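[1] What follows is a predicted structure for the sequence shown.
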Amino acid sequence: MDAHFASLLKDIGLGIVFAAVFSHLARLMRQPAILGYVAGGLVLGPHLGFALVTNEASIELISEIGLIFLLFIIGLEINLRDLVQMGRSMAVMSVGQFVGCALVTAGFFSLAGSAFLTERFDLLYLAVVLSLSSTLIVVKVLHDKFEIHTTAGRMTVGILVLQDLWAIVFMGVQPNLLHPQAGIVLRAVLSGGLLVGFAFAVARFVLAGIFRAAGKQPELVLLTAVAWCFFLCGLADYAGLSREMGALIAGLTIAAFPYGVDVIAKIGGVRDFFVTLFFVSLGLKMPQPSLALTSAAFMIAAVVLVSRLVTLIPLSWVTGTGLRMGILTGLNLAQISEFSLVILALGAGYGHVSSGIQSLVLLSMLLTSVLATYLILYNAQLAGLILTMIERLGLHESGHADERHGAPEDRRDIVVLGCFREGEALLDLVAERAPELSRRILVVDYNPLLERKLSPKGFRWVYGDLAHPETLEHLGIEHAATIICPISDTFLKGTTAQRLLRHVKQLAPSAALVMTADDEATAAALQRAGAAYIIRPPRLAADHLFALLAGASSLPS
């Protein structure tokens, strides 16, 4: 067996074993699994560990494949219609985030200074790379929290997608940074546009027919999808773009087909395998930290978090997206991108940046990667605290202007608390079968996009954060006859169904309260707390399926 191949297998094996061991330890300590993966790399690595893996290039090769798979799946999960629907607010927030974060970073380090800024372009590179966030970490944690399709989740992913475009534009400028040429930038943008146009044209006129022909063979559908992904990765690389961008475009083009969900399900396990090795490789590269380096890394982590919040909160207020959306999106994006390491590596090759900046950003990236998992895991609670502090300063949610919907002249006796999945399905059914009922329904949710969808159908939408039930006191729900919460604990953020029930019961003691539970224990607790009716979506689905089975002629009597 070739020595290099044997070393590659050994390194992969050790990476997986140590990642598994430390992720189990992280689970026992109720810590994110990502922390276990990084810890496994630290122990294996040559800087802080036992130097069991010295060929870091092997792990980086495998982790790059994981990043490609991840971006491919991101593309499959992105609904372009949702991004287009966000329209102006998405464009303003994505441009404003990148430019604003770069200016905040450059301004801070210009005033504060740093011993690590020794080369001419160190400050410029630092401003750019600290304005980019980690697609891998954000999407993984949001997906694990079931928040990838929420408004804040879609906003976050949309900004991440556009961040990659800004990174590609900067990479086009890099070779001629001393004497920038507009032609190079234009060529990079043009190459990206041509790749997107070519991909969507092939997907529509060629790939659709191939998928239809292969539809009866699921493994062939998956193989075709993966082949398309790597074909576009190679094409992007040939065009001078990143392979990861090619994977993202491949996912976007397949997302329009009904096979996208099947591909995601089949490729998920493969992606998780390679993504695990990516985090192990981060641990392997952790440098020996000095006091000065560690202090600077913590300072950068703080700058990253503050820059996200101070740019996105005002932008979300101005665009009418809502302060809470800006806070959530800012918290979700408070880490450094993998792309940043690529940009710095290229910059070092051109002689633009010092080695000290590379080590500093790498340590900062590892630090923010760990901190980011907690920021995203507890984003709802943190957003509530930050929103409370902002409101004390006199700045209120743009959605609060709609509190007039609860005014006496427009009382509504049916209140829906939260509009997600089951809630949207209920309102669609009301609009279809009993449109006259819509004039009696008030919808309380923090998603501003709902107003455009619900208002034409006769429903009233008003801004309300269920994690802060005190906001409900100003909406007139104390006069409601029926209050429905179609969201279970799985999707409630910053509160629980029982806590919400207790508060709503105090506000509207005479209302019939309808709550949602995922399991029997929660349903029993809600019933004891005073809920008039409990919805259990899993049980309702099971009852319906059983009725279908019981009525099937093929069943024995």
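    Thanks, I have it.

[2] Surely residue 486 is in contact with residue 427?
    No: counting by CB atoms under 8 Å, residue 486 stays clear of residue 427, with 9.4 Å between them. C-beta coordinates here come from the backbone N, C-alpha and C atoms, glycine included.

[3] Could you chop this structure up by domain?
    Per the record, the chain has its domains at 3-391, 401-550, by automatic domain parsing.

[4] tell me the most buried of those?
    domain 3-391 (a mean of 19; mean count of other CB atoms under 10 Å).

[5] Show me how far stretch 376-385 is from its chain's centre.
    14 Å (CA atoms, centre = their mean, to the nearest Å).

[6] Quick one: mean pLDDT for that stretch?
    For stretch 376-385, the mean per-residue pLDDT is 86.

[7] For residue 147, give its distance to residue 379.
    The gap separating residue 147 from residue 379 is 8 Å, by CB to CB, to the nearest Å.

[8] quick one: the strands in the stretch 351-500 of the chain?
    414-417, 441-445, 460-463, 482-484 (DSSP state E, counting those that start in this stretch).

[9] least reliable of the ones you listed going by mean pLDDT?
    strand 460-463 - the lowest mean pLDDT of the strands of the stretch 351-500 of the chain, at a mean of 81.

[10] Apart from its chain neighbours, what residue comes closest to residue 106?
    residue 127 (4.1 Å; CB to CB, 6 or more residues apart in numbering).

[11] so which strand or helix has that neighbour?
    helix 122-129 (DSSP states H and E).

[12] Can you tell me what sits against that helix?
    Contacts to helix 122-129, defined as CB atoms under 8 Å, 6 or more residues apart in numbering, come from residues 102-103, 105-106, 109-110, 116-117, 167, 170, 336-337, 339-340, 343-344, 347, 352-354, 357, 361.

[13] Find residues that contact each of residue 147 and residue 379.
    residue 493.

[14] Mutual contacts of residue 486 and residue 427, please.
    Joint contacts of residue 486 and residue 427 (CB under 8 Å, 6+ apart) are 416, 419.

[15] So residue 346 is in contact with residue 171, correct?
    Yes: using CB under 8 Å, residue 346 is in contact with residue 171, at 6.6 Å.

[16] Reformat the strands of the stretch 351-500 of the chain as JSON lines; add distance to residue 23.
    Output for the strands of the stretch 351-500 of the chain, formatted as JSON lines (distance: least, CB to CB, whole Å):
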{"stretch": "strand 414-417", "distance to residue 23": "37"}
{"stretch": "strand 441-445", "distance to residue 23": "36"}
{"stretch": "strand 460-463", "distance to residue 23": "39"}
{"stretch": "strand 482-484", "distance to residue 23": "40"}
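
[17] Of all these, which one is nearest residue 54?
    Residue 54 lies closest to strand 441-445 among these, at 53.2 Å (CB to CB).

[18] Distance from the chain centre to that closest one, please.
    Using CA atoms, centre = their mean, the offset of strand 441-445 from its chain centre is 26 Å.

[19] Could you list every helix and strand in contact with that strand?
    Applying 3 or more CB pairs under 8 Å, 6 or more residues apart in numbering; DSSP states H and E, one finds that strand 441-445 makes contact with strand 414-417, helix 422-433, strand 460-463.

[20] Dump it to PDB, keeping only the CA atoms.
    This file holds the C-alpha atoms of strand 441-445, laid out as PDB (Å, rounded to 0.1, in the frame of the first residue of the first chain):
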ATOM      1  CA  ILE A 441     -58.800  36.200  13.900                       C
ATOM      2  CA  LEU A 442     -55.800  38.100  15.300                       C
ATOM      3  CA  VAL A 443     -52.400  36.600  14.600                       C
ATOM      4  CA  VAL A 444     -49.500  37.400  17.000                       C
ATOM      5  CA  ASP A 445     -46.100  36.700  15.600                       C
END
